[in-house]
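Novice: Fold the following and give me the result.
(one chain, ligands or ions: 3)
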Amino acid sequence: MLSASEAESLILNLVQPLDANRDRQRVPLPAAVGRILAADVSSQLDFPHWDNSAMDGYAVRSADVQTCTATAPITLEVIEDIPAGTPPQKALQSGQAARILTGSMLPTGADTIVIQENTQRQGDRVVIFSPPEPQAFVRRRASFYRAGEPLLPAGIALQGPEAAVLAAAQCTEIPVYRRPKVAILSTGNELVTPHDSLKPGQIVDSNQYALAALVQLAGAEPLSLGIIPDEPQALKTAIAQAITQADMVLSSGGVSVGDYDYVDRILSELGADLQIRAVAVKPGKPLTVATFAPQLQPPPPGATESHRILYFGLPGNPVSALVGFWRFVEPAIRKLSGLAAHWRPVIVPARSQHLLKAGGQRETYLWGQLRADASGLLFSVSGGSHSSGNLINLAQANALAIVPVGQTQILAGETVQVMKVYRPLS
Ligand SMILES: Nc1nc2c(c(=O)[nH]1)N[C@H]1C(S)=C(S)[C@@H](COP(=O)(O)OP(=O)(O)OC[C@H]3O[C@@H](n4cnc5c(N)ncnc54)[C@H](O)[C@@H]3O)O[C@H]1N2
Ligand code: MOO
Ligand SMILES: [Mg+2]
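Specialist: Numbers count the residues shown, from 1 in each chain. Ligands and ions are numbered 1, 2, ... in the order given. Purely as a prediction, here's the structure:
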């Protein structure tokens, strides 16, 4: 059986990212936040656009004020006021200063700012009590960015800071990757929707909602295809349809050895290549990963060319399905979506607050909460049952502690590797 890290690498190698040309769209800047940039962006503007002041004070010629002290101050003539947004009208001569405010353009002839706190204004004169460093508080034109150089590279996620950069560069229509479409289907005769009344033996299809939420939070577009009964023909029709509508397909249930676990068989019948049948993780061992060759289905809507579809047959148990999503599906979605890096889960060392127990045979994931205090990162395992059928105590978990193969416990106070399960795209 593959280890988790072997499965992760294999899966990432199978993912063909969206195409920067074929799968690109232009969206207005406010709509670009949370999307992946699909082309390099540069600007024709220098940043700063002109020499300007970093402080409120006076623009001076540094040579004029080098010798001043508190007891022997130097007095300069104030020739104009320069508020931000108004260009200077005059050039500064020796013996002169200009009143300047944070962000204002530096007048010609000035090379240094004296902060207001080191001055005293006397009518149209200013007294300087302390010699500034030459060039002090001057933000030089192009010292942050020179026009024409690369500004933002393709493949990054656009969040607040990138929105600021794009706005400042006056980019209003942003080239981004389209969101990948991820079809979700739930298999099982026992499943009903949250709107149905429950009969004995039935349960609500919670995986559909959980997976749709996680797909959306990962930046992709979920296509919820509903509940498919455990009937080979129904499953075959549903999967055949799903692969024509989406870039990736997720199903839950039907991948173990039970009498009604048909997913692998149907995938083979449909011509898929079965890449993975199980991974040594707990929960989530029965994980099917398959690929459909490009020629098997027409391209998804909006694409001009078809590409390989990745199929994940997640286990039905609610926790197993979600752990499988976090550990294996989310990295694949991140790579598919055009992100150039940050695909793999973030795993950090933390101090366990409790005793963690595991079987030792499979890499074991225990859900709980990661938080920081003054001593560093701490992990608190969720109370209650860690059965893969118990979705109740999964709520509010933000991390999974990982007990390695061969280890049966981690004591309270010991360090454990912890995987974050809610994280932004970057
Ligand atoms: N003899 C063996 N039995 C099982 C093995 C095994 O190795 N040998 N593996 C177990 C493990 S581990 C898991 S995980 C499950 C995986 O089962 P399946 O993927 O075949 O899923 P189902 O049998 O269809 O359902 C399992 C369980 O999950 C519930 N379920 C299914 N779909 C949903 C849904 N959409 N929303 C909520 N809950 C769902 C279903 O009712 C079952 O309780 O197999 C073990 N068995
Ligand atoms: O691994 Mo199953 O996913 O233990 O319940
Ligand atoms: Mg089963």
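Novice: Looking from ligand 1, tell me which residue of the stretch 1-150 of the chain is nearest.
Specialist: At 10.7 Å from ligand 1, Met1 is the closest residue in the stretch 1-150 of the chain, using CB to the nearest ligand atom. In short, each C-beta sits where N, CA and C put it, glycine included.
Novice: Wait, that residue touches Lys282, no?
Specialist: No. Applying CB atoms under 8 Å, one finds Met1 not in contact with Lys282, separated by 11.5 Å.
Novice: These two: which has the busier surroundings?
Specialist: It is Lys282, of Met1 and Lys282, that has more neighbours when counted by other CB atoms under 10 Å, with 21 against 13.
Novice: Glu363 is in contact with that one, correct?
Specialist: Yes. Lys282 is within contact range of Glu363, at 7.2 Å (criterion: CB under 8 Å).
Novice: count of residues packed around Thr291?
Specialist: Residues contacting Thr291 under the criterion other CB under 10 Å number 18.
Novice: just the helices in this structure please.
Specialist: 4-14, 29-32, 62-65, 160-168, 206-217, 232-245, 263-269, 318-324, 330-336 (DSSP state H).
Novice: Compile those helices into JSON lines and extend it with columns for distance to Thr71 and mean pLDDT.
Specialist: Formatted as JSON lines, the helices of the chain follow (distance: least, CB to CB, whole Å; pLDDT from 0 to 100):
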{"stretch": "helix 4-14", "distance to Thr71": "69", "mean pLDDT": "98"}
{"stretch": "helix 29-32", "distance to Thr71": "55", "mean pLDDT": "98"}
{"stretch": "helix 62-65", "distance to Thr71": "15", "mean pLDDT": "97"}
{"stretch": "helix 160-168", "distance to Thr71": "45", "mean pLDDT": "98"}
{"stretch": "helix 206-217", "distance to Thr71": "64", "mean pLDDT": "97"}
{"stretch": "helix 232-245", "distance to Thr71": "81", "mean pLDDT": "96"}
{"stretch": "helix 263-269", "distance to Thr71": "87", "mean pLDDT": "97"}
{"stretch": "helix 318-324", "distance to Thr71": "72", "mean pLDDT": "98"}
{"stretch": "helix 330-336", "distance to Thr71": "64", "mean pLDDT": "98"}
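Novice: Indicate which one of these is closest to Gln44.
Specialist: With CB to CB, the closest approach to Gln44 among those belongs to helix 160-168: 12.5 Å.
Novice: Run through who's touching that closest one.
Specialist: Contacting residues not belonging to helix 160-168 are listed as 29-30, 32-33, 37, 41, 45, 47, 151-152, 156, 158, 174 [CB atoms under 8 Å, 6 or more residues apart in numbering].
Novice: Now, of these, which are buried?
Specialist: Leu29, Ala32, Val33, Leu37, Val41, Leu45, Phe47, Leu151, Leu152, Ile156, Leu158, Ile174 (16 or more other CB atoms under 10 Å).
Novice: okay, the last one: pLDDT?
Specialist: Model confidence at Ile174, given as pLDDT, is 98.
Novice: is it in a bridge, and if so with what?
Specialist: Applying DSSP bridges to Ile174 gives these bridge partners: Val27.
Novice: Would you confirm that it contacts Leu158?
Specialist: Yes. In this structure Ile174 lies within contact range of Leu158 using CB under 8 Å: 7.1 Å.
Novice: Mutual contacts of those two, please.
Specialist: Here Ile174 and Leu158 share the contacting residues Ala32, Arg35, Leu37, Leu166, scored by CB under 8 Å, 6+ apart.
Novice: now, among these, which is nearest to ligand 2?
Specialist: For the shared contacts of Ile174 and Leu158, the residue nearest ligand 2 by CB to the nearest ligand atom is Arg35; the value is 33.2 Å.
Novice: Show the contacting residues for the closest one.
Specialist: Going by CB under 8 Å, 6+ apart, Arg35 touches Val27, Ala157, Leu158, Ile174, Val176, Tyr177, Arg179, Gly219.
Novice: In TSV: these, plus distance to Phe144.
Specialist: Formatted as TSV, the contacts of Arg35 follow (distance: CB to CB, whole Å):
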residue	distance to Phe144
Val27	26
Ala157	22
Leu158	19
Ile174	21
Val176	24
Tyr177	28
Arg179	32
Gly219	29
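Novice: Of these, which are in range of ligand 3?
Specialist: Subset of the contacts of Arg35 in contact with ligand 3: empty, counting by CB under 5 Å from the ion.
Novice: So which of those belong to strands?
Specialist: Assigned to strands by DSSP state E, the following of the contacts of Arg35 qualify: Val27, Ile174, Val176, Tyr177.
Novice: Next, the contact list for the last one, please.
Specialist: In this case it means Tyr177. Leu18, Ala20, Asp23, Arg24, Gln25, Arg35, Ile36, Ala38, Ser337, Gly338.
Novice: at 7 Å instead, please
Specialist: Neighbouring residues of Tyr177 by CB atoms under 7 Å, 6 or more residues apart in numbering: Leu18, Asp23, Arg24, Arg35, Ile36, Ala38, Ser337, Gly338.
Novice: Tell me how far the fourth one lies from ligand 3.
Specialist: Going back to what we said before, that points to Arg35. With distances taken as CB to the ion, to the nearest Å, Arg35 is found 38 Å from ligand 3.
Novice: which among the contacts of helix 160-168 gets closest to ligand 2?
Specialist: Of all the contacts of helix 160-168, Ile156 has the smallest distance to ligand 2: 34.5 Å, by CB to the nearest ligand atom.
Novice: does that closest one really touch Leu37, like I thought?
Specialist: Yes. At 5.3 Å, Ile156 counts as touching Leu37 under the criterion of CB atoms under 7 Å.
Novice: and the residue lying closest to Val323 once chain neighbours are set aside, how many residues sit next to it?
Specialist: Leaving out its chain neighbours, the residue that sits closest to Val323 by CB to CB, 6 or more residues apart in numbering is Gly284, at 4.6 Å. Gly284 has 27 neighbouring residues, counting by other CB under 10 Å.
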